[in-house]
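**Q** just need the structure, nothing else, for what follows:
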Amino acid sequence: MTANGTAPVLELEELRVAFGRDEVVRGVSLAIAAGECVAIVGESGSGKSVTARSLLGMAGDGARVEAQTLRLAGRDLRGAGEREWREVRGRQAGLVLQDALVALDPLRPIGREIGDALRIHDRMPRAERRTRTLEVLADVGMPDPTAAVRRRSGELSGGLRQRALIASALALDPPLLIADEPTTALDATVQARVLELLAEIRGRGTAILLISHDLAVVSRLADRVLVMREGRVVEQGPVDEVLGAPREPYTRALIAAVPADVPRGAPLSRPEGEAAPVRTPPIALAAPPAHDAARARAPRPVPLLALDGVVKTFPVRGAGRFTAVDDVSLDVHAGETVGLVGESGSGKTTVARLALALTAPDRGVVTVDGEPWSALDERARRPRRPGIGAIYQDALSSFDPRWTVGRILADAAGSAAGGAGGASGADAEHPGRATVARRVAELLDQVGLAAAVAGREPLTLSGGQRQRVAIARALAASPELLICDEPVSALDVTIQAQILDLLDELQRERGLAMLFISHDLGVVRHMADRVAVMQAGRIVETGPAEQVFAAPAHAYTARLVADAPRLVR
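**A** Numbers count the residues shown, from 1 in each chain. This next block holds a predicted model:
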């Protein structure tokens with residue numbers, strides 16, 4: 001029985017999952033009642049996602065799964081075969097995965113992907129399938145569902161892909177929804193809508209198992225929380241007790257790493273048990289911190305990056321052209337971080353691509369250190385590219401899946417010895433390879449990864465590990481400017497804190513400039529000196545970060561700030 005005396009929708013006792021001799025889940029027990037949300041939090045590799053996948057027979061190839069009890073909606077699933085699991089998935093439990101690009105079929109329109117689940121499980125007539133598909137897409141905030149059903153996942157932004165995936169999981173209205181980082185790629189406004197939707201679904205009696213690194217989301221939605229570390233549950237209880245008065249040093253370290261309201265320049269990463277950073281009141285205006293020492297040492301008369309009146313349009317089949325970026329002017333100085341925020345589809349990523357000269361503006365110009373950039377041909381730009389690093393939103397799609405991590409980083413560092421990630425004792429005879437191998441290990445260490453990761457391929461890494469590799473690659477050539485498009489969106493809070501502190505340290509030491517794009521307003525407020533807010537391709541507000549977040553002048557900015565989840569304790 002659950003805490004409220006009702007029979008659980010999900011009952012799990014002593015779950016153990018091992019791969020060979022490596023036990024990754026060690027005796028996890030939980031029960032979830034109808035209408036209850038239980039969250040699991042912890043660092044990457046703690047066993048959260050493996051626990052969730054094991055509940056649906058998806059622990060992975062070679063997994064050995066054992067449990068004293070594994071019961072879903074009264075059905076004993078210990079020893080279930082693949083056929084039985086297929087009956088359970090979708091109808092008894094919906095699953096929202098962290099990586100929407102991998103989870104969605106890139107060859108099928110999303111309308112068909114959702115409709116096929118309805119057809120297979122319910123044999124619903126075509127007209128009813130279409131109505132239900134449009135309904136769930138509207139529920140998750142998909143703009144223009146009638147047009148969206150014809151689009152494939154590759155034609156959607158990261159946030160829109162995540163919405164489509166959530167809609168697919170909800171289509172059959174299952175009694176249990178397993179949500180693994182369901183709001184990772186969503187902007188504040190859509191995230192708020194999805195959380196409201198999940199709360200509404202919970203209110204209708206659906207049980208929810210929430211896996212999330214975002215403690216603000218957990219505090220807003222969950223009734224109870226389990227904290228996992230190295231495969232074990234180290235603390236659990238009502239969410240207000242665990243997040244408000246944590247007993248374990250590890251839990252306290254997770255909470256201390258949340259960047260919301262931590263002043264610019266204050267470190268987030270700290271040893272377990274050390275006092276949390278002092279947080280500024282959420283509506284207080286603070287004086288801008290002295291964070292421009294690097295700029296003072298090496299002043300530049302012109303911005304390191306400048307966009308002047310840039311316009312970018314794209315053709316739309318049967319509908320002329322779509323204006324993604326409309327007369328945008330923006331500059332970033334050495335040693336400065338400029339945050340760029342806005343809803344999915346507002347044009348943020350297109351601005352990043354224009355800044356990187358991966359796409360050419362229809363009008364306007366982009367300059368780097370006062371020199372032409374967008375106007376050059378690629379041959380002329382190539383020698384200057386090492387000075388600009390890029391961290392992309394979707395790390396997996398930016399890697400060659402055939403390359404090891406070591407080769408990816410060696411290539412980014414400009415080495416001809418691309419296979420240095422697999423270097424061994426023979427390096428004594430090849431000092432060039434040994435040097436590259438040391439540089440690869442150094443980069444991995446900077447982003448919190450073991451040197452052994454160099455020999456692995458991106459597909460074998462977790463989402464958080466892949467994002468750390470992407471950051472290491474961006475730092476490989478010691479750039480002066482970083483274009484960061486959702487650089488920490490896939491990371492748990494402690495690793496996120498380490499990466500943000502690392503970027504902050506690099507900026508102070510080297511005068512590094514950053515254009516920092518993120519849907520997480522807490523991260524942007526902590527990292528940015530100035531912030532620009534985009535809506536429908538245009539910048540509607542700019543200013544010092546504290547001023548914009550504490551006293552927004554534009555109604556759209558005010559809505560974004562109001563919708564952003566906050567850690568409630």
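**Q** for residue 109, name its beta-bridge partners.
**A** residue 152 (DSSP bridges).
**Q** how much space between it and residue 151?
**A** In this view, residue 109 and residue 151 are 6 Å apart by CB to CB, to the nearest Å. Yep, even glycine has a C-beta here, placed from its N, CA and C like the rest.
**Q** buried residues, stretch 558-569. List them.
**A** Neighbour-count burial for stretch 558-569 flags 559, 560, 561, 563, 564, 565, 567 (criterion: 16 or more other CB atoms under 10 Å).
**Q** now the helices for the stretch 201-350 of the chain?
**A** 215-221, 239-244, 249-256, 293-297, 348-355 (DSSP state H, counting those that start in this stretch).
**Q** mind checking which of those helices is nearest residue 337?
**A** helix 293-297 (11.4 Å; CB to CB).
**Q** state the mean pLDDT of the closest one.
**A** On average, the pLDDT along helix 293-297 is 40.
**Q** that older thread, of the helices of the stretch 201-350 of the chain, which shows the lowest average pLDDT?
**A** In terms of mean pLDDT, the lowest-scoring of those is helix 293-297 (a mean of 40).
**Q** ok, for residue 124, nearest residue in space, not its chain neighbours?
**A** residue 118 (4.7 Å; CB to CB, 6 or more residues apart in numbering).
**Q** poorly predicted segments of this protein, please.
**A** For the chain, the stretches flagged by pLDDT under 70 are 1-6, 99, 122, 158, 185, 270-300, 415-431, 490, 568-569.
**Q** ok, residue 148 touching residue 157?
**A** No - Residue 148 lies out of contact with residue 157 (CB atoms under 8 Å); the separation is 11.5 Å.
**Q** hmm, residue 229 is touching residue 42, no?
**A** Yes - using CB under 8 Å, residue 229 is in contact with residue 42, at 5.7 Å.
**Q** ok, the two, which is more surrounded?
**A** residue 42 (26 against 18; other CB atoms under 10 Å).
**Q** and the more buried one, how far from residue 250?
**A** For residue 42, the distance to residue 250 equals 8 Å [CB to CB].
**Q** now do the shared contacts for these two.
**A** 227, 229 (CB atoms under 8 Å, 6 or more residues apart in numbering).
**Q** circling back to that earlier point, want to throw the helices of the stretch 201-350 of the chain into CSV with mean neighbour count and distance to residue 171?
**A** Formatted as CSV, these follow (neighbours: other CB atoms under 10 Å; distance: least, CB to CB, whole Å):
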stretch, mean neighbour count, distance to residue 171
helix 215-221, 23, 21
helix 239-244, 20, 28
helix 249-256, 20, 33
helix 293-297, 14, 51
helix 348-355, 24, 28
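**Q** mind checking which of these is nearest residue 133?
**A** Judged by CB to CB, the one of those that comes nearest to residue 133 is helix 215-221, at 25.1 Å.
**Q** which members of the buried residues of stretch 558-569 occur in strands, if any?
**A** The strands, defined by DSSP state E, take in nothing from these.
**Q** which one of these sits closest to residue 255?
**A** Checking the buried residues of stretch 558-569 against residue 255 with CB to CB, the nearest one is residue 567 at 7.3 Å.
**Q** wait, doesn't the closest one sit right on residue 243?
**A** Yes - look at residue 567 against residue 243 with CB under 8 Å: they come within range, at 6.9 Å.
**Q** which residues are common contacts for those two?
**A** 215, 219, 255.
**Q** so the second one sits against residue 255, correct?
**A** Meaning residue 219. No - assessed by CB under 8 Å, residue 219 is found out of contact with residue 255, at 9.8 Å.
**Q** and residue 301, how many neighbours?
**A** Counted by other CB under 10 Å, the residues lying close to residue 301 total 5.
**Q** distance of it relative to residue 369?
**A** Residue 301 is 10 Å from residue 369, by CB to CB.
**Q** and for residue 485?
**A** 21 Å.
**Q** looking at these two, which one has more neighbours?
**A** Ranked by neighbour count (other CB under 10 Å), residue 485 and residue 369 place residue 485 first, with 25 against 17.
**Q** ok, that one - contacts?
**A** Applying CB under 8 Å, 6+ apart to residue 485 gives the contacts 348, 349, 352, 390, 391, 392, 393, 517.
**Q** tell me where the stretch 301-450 of the chain has strands.
**A** Using DSSP state E, counting those that start in this stretch, the strands assigned to the stretch 301-450 of the chain run over residues 305-315, 321-332, 337-342, 363-368, 371-372, 388-391.
**Q** so which of these gets nearest residue 189?
**A** Here strand 337-342 is closest among the strands of the stretch 301-450 of the chain (CB to CB), at 9.3 Å.
**Q** SS state for residue 46?
**A** What DSSP: H, G, I helix; E, B strand; the rest coil gives for residue 46 is coil.
**Q** would you list every one of the strands in the stretch 151-300 of the chain?
**A** Counting by DSSP E, counting those that start in this stretch, the segments of the stretch 151-300 of the chain that form strands are 176-180, 207-211, 224-229, 232-238.
**Q** ditto for the stretch 1-150 of the chain
**A** 8-19, 22-33, 37-41, 63-66, 69-72, 75-76, 93-96.
**Q** for those strands, give me CSV that also has mean neighbour count.
**A** Converted to CSV, those look like this (neighbours: other CB atoms under 10 Å):
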stretch, mean neighbour count
strand 8-19, 20
strand 22-33, 19
strand 37-41, 25
strand 63-66, 15
strand 69-72, 20
strand 75-76, 12
strand 93-96, 24
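**Q** which of those sits closest to residue 521?
**A** Within those, the stretch nearest residue 521 is strand 37-41; the backing value is 20.3 Å (CB to CB).
**Q** can I get the CA coordinates of the closest one in PDB?
**A** The C-alpha trace of strand 37-41 is given here as PDB (Å, rounded to 0.1, in the frame of the first residue of the first chain):
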ATOM      1  CA  CYS A  37       4.200  12.000  -8.800                       C
ATOM      2  CA  VAL A  38       7.400  10.500  -7.500                       C
ATOM      3  CA  ALA A  39      10.700  11.900  -8.700                       C
ATOM      4  CA  ILE A  40      14.200  10.400  -8.900                       C
ATOM      5  CA  VAL A  41      17.100  12.800  -8.800                       C
END
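**Q** just checking: what are the partner strands of that strand?
**A** strand 207-211 (parallel), strand 224-229 (parallel).
**Q** any idea how far it is from the chain center?
**A** From the chain centre to the centre of strand 37-41 is a distance of 18 Å (CA atoms, centre = their mean, to the nearest Å).
**Q** between that strand and helix 249-256, how many degrees?
**A** For strand 37-41 against helix 249-256, the angle by axes from the mean of the first three to the mean of the last three CA atoms, to 10 degrees is 100 degrees.
**Q** next, the angle from strand 37-41 to strand 232-238.
**A** Using the same axes, to 10 degrees, strand 37-41 lies at 140 degrees relative to strand 232-238.
**Q** run through who's touching strand 37-41.
**A** For strand 37-41, the surrounding residues in contact (CB under 8 Å, 6+ apart) are 30, 32, 48, 51-52, 198, 202, 207-213, 215, 218, 221-228, 239, 254.
**Q** then stretch 10-26?
**A** Counting by CB under 8 Å, 6+ apart, 27-32, 47, 50-51, 54-55, 59-60, 62-72, 176, 207, 209, 230-232 sit against stretch 10-26.
**Q** endpoints of it, how far apart?
**A** Length of stretch 10-26, first residue to last, CA to CA, to the nearest Å: 18 Å.
**Q** residue 150: how many residues sit nearby?
**A** For residue 150, using other CB under 10 Å, the count is 12.
**Q** quick one: it and residue 112 touch, right?
**A** No - using CB under 8 Å as the test, residue 150 is too far from residue 112 to be in contact (9.2 Å).
**Q** residue nearest the middle of this structure, spatially speaking?
**A** In the chain, the centroid-proximal residue (CA atoms, centre = their mean) is residue 489; its distance is 2.5 Å.
**Q** which helix runs longest in the protein?
**A** helix 493-510 (DSSP state H).
**Q** tell me the helix or strand right after it.
**A** Following helix 493-510 in sequence order, the next helix or strand is strand 513-517 (DSSP states H and E).
**Q** what are the pairing partners of that next one, and which direction each?
**A** Here strand 513-517 is paired, per DSSP bridges, with strand 337-342 (parallel), strand 481-485 (parallel).
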